[in-house]
Structures are given as structure tokens and as C-alpha cells.
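S.K.: Just a sequence and a predicted model for now, questions to come.
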Amino acid sequence: MRSKNINEIKKEDKSAFNKFILILLIGMLVGALIGVLSAILGESIADVSEKWLQNMLVFIAPFANLILIPVTFLPALYLYQSSRRRYREWGGENEAQLEKIELNISYALWITNLAMILSMFFFAVGLWLTTNAEYSVSGNFLALWIGGFILINIFITLTQQKVVNFTKEINPEKEGSVFDLNFAKKWENSCDEAEKLKIYKSSYKAYRSVNITCIILWMVCTLGSTIWDFGLLPVTFVSIIWIVQISSYCLECIRLEKVRKDQII
């Protein structure tokens, strides 16, 4: 039985190894081609890309968050209001209708989280512009930039509060307030086993997605540090995020394994 298992492992490794080598060779060829082209056209591409990006951000940074408010608020409000209307009409028997309601409010939360990340990005852009000697920032710019950031975060907080409280109305066993610093932990503890399994599967999917993203960003930043003069700071930050992500996942797996063994003993 053991020898059969070893043979199956070797067979699986051989099949996977051949595919891995093929992908590695293709990646090396593509990387070499990009490197050669970048070395030839690197300065012009970098200069044009940097200038275009800066001009675009200078133009939209002052009122970007103000634009984000209706762009994100209207669909989130629609999902929230339609979910409330459907919940009032729900007779308590049609589970498919309830699942549709919960799906809509999940989309609403997703939209508000995207808005939060974008608002922080545009705040960082505005801060960079105000401290850059190449750009002169007016009082109107500061008012639009700071005011937009404050307004959109008020909107995000209130929208998430309404969505979370509505979810608690549907599921009375849920606990936690969006204003509580331990909200995520309390919310997870109040979930049943099926919901926790969904959270864990989603978390693992996010872990894999971030892992792939870190690999891509590492390659871009490494190439950029030698060709486009990115410096070492971008690749350092990507590596830190990568290390934290891998370490938190592996250490949590180790902790849970210890807990499982202690329970068995």
C-alpha cells in the first residue's frame, strides 16, 4: 500500500513538473523579450508613462472623491433599498428570495469597501501634490481634496452601518457594530458553521489571489528598479506584504493544528 502511494506521488509530480518547466520556459522567454524591449525603449516609455499619469492625477485628484460619492452611493443605495423592499415582501418561506436579498447587501458592502480604498488612494495623491514643489496648490484644491475625503468616508461609514444593521435584522444571532474596533471578530464568532466555512473558503481564495498579485508586482518592481529607475522601495514594500501574508497564513495553520491535536489528546 505504501509503495503504491509513493508511485502515485511520483507520477503526479512528474506530470506536474513537465507542465511547470513548460510554463517556466515560456515565462523566461517573455521576460527576456520584455527586458530587451524595455532596455531599448525604457527611458522614453518611463518618461511618457510617468508624465501622463501625473498629469491625469493632477487633473482628477481635487474632485475625485466627490465624484466617487454618487458613483458608489447610488448603486449601493439601490441595492440596500431594493433588499429592504424585498425583505418586507418576503413571506418567510422562499429561501431563494432571502438568498437574493443577502447577495445584494453583500454587493453593497463590496462597493463601499472599494470606495474606501479609492478614497485613501486619492487622498495620498492629493497629499503628494501638496508637498511637491513642481505643483502649486490653491485653496480651492485643498477644500475639494480634504472635503471630498471627509464626505466620502462619512458616506462609507453610514452606508456600512445601515447594511450591517439590516443584516442583523435578518439574522438576529449576528453581533457587532461597525463602530466597534473588534467588529470583525465579534461578527465571525456570531456566524454559524456554514457561514464560517464560507468565510474560510473566501479567505483562502483571497490568499491565493494576493499571492499571485505579489508575484506579478515583484516582477514589475524588480524590472522597474533596473530599467525604469523605480528604486528599491517598491520591491521592498511588495516583499514585506508578501512576507506578512505568507507568515500570517502559515502561522495560523500551525496554531490551528496545535489546537486540534490538543483537543484530540
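M.R.: Cool, got the structure.

S.K.: any idea of the mean pLDDT for stretch 79-92?
M.R.: What stretch 79-92 shows for mean pLDDT is 84.

S.K.: CA atoms of that stretch as PDB?
M.R.: Extracted in PDB, the C-alpha atoms of stretch 79-92 (Å, rounded to 0.1, in the frame of the first residue of the first chain):
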ATOM      1  CA  LEU A  79     -29.100  47.500  -3.600                       C
ATOM      2  CA  TYR A  80     -29.900  48.400   0.000                       C
ATOM      3  CA  GLN A  81     -33.300  49.800  -0.700                       C
ATOM      4  CA  SER A  82     -34.300  47.000  -3.000                       C
ATOM      5  CA  SER A  83     -33.200  44.500  -0.500                       C
ATOM      6  CA  ARG A  84     -35.300  46.200   2.200                       C
ATOM      7  CA  ARG A  85     -38.300  46.200   0.000                       C
ATOM      8  CA  ARG A  86     -37.900  42.500  -0.900                       C
ATOM      9  CA  TYR A  87     -37.400  41.700   2.800                       C
ATOM     10  CA  ARG A  88     -40.700  43.400   3.700                       C
ATOM     11  CA  GLU A  89     -42.400  41.500   0.900                       C
ATOM     12  CA  TRP A  90     -40.800  38.200   1.900                       C
ATOM     13  CA  GLY A  91     -43.300  35.700   3.300                       C
ATOM     14  CA  GLY A  92     -40.700  33.800   5.300                       C
END
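
S.K.: tell me how far it is from the chain's mean position?
M.R.: 29 Å (CA atoms, centre = their mean, to the nearest Å).

S.K.: Pull out the buried positions in it.
M.R.: Within stretch 79-92, the residues that count as buried by 16 or more other CB atoms under 10 Å are 79-80, 83-84, 87. C-betas here are computed from N, CA, C, even on glycine.

S.K.: Just the buried residues of stretch 178-189, please?
M.R.: So, applying 16+ other CB under 10 Å, buried residues of stretch 178-189: 178, 187.

S.K.: So what would you say the end-to-end distance of that stretch is?
M.R.: Stretch 178-189 has an end-to-end distance of 15 Å (CA to CA, to the nearest Å).

S.K.: I'd like the next helix or strand past the one helix or strand in the chain whose mean pLDDT sits lowest.
M.R.: One helix or strand of the chain scores below all others by mean pLDDT, DSSP states H and E: helix 2-60, with a mean of 63. Counting by DSSP states H and E, the element after helix 2-60 in chain order, helix or strand, is helix 64-89.

S.K.: Tell me which other helices or strands that next one touches.
M.R.: Helices and strands touching helix 64-89, by 3 or more CB pairs under 8 Å, 6 or more residues apart in numbering; DSSP states H and E, are helix 95-131, helix 139-170.

S.K.: These into TSV, with extra columns for mean neighbour count?
M.R.: Compiled in TSV, those are given as follows (neighbours: other CB atoms under 10 Å):
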stretch	mean neighbour count
helix 95-131	16
helix 139-170	16
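
S.K.: I'd like the ones you listed laid out as CSV, including distance to L29.
M.R.: Shown next, in CSV, are the helices and strands packed on helix 64-89 (distance: least, CB to CB, whole Å):
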stretch, distance to L29
helix 95-131, 34
helix 139-170, 45
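
S.K.: Nothing else from me, thank you.
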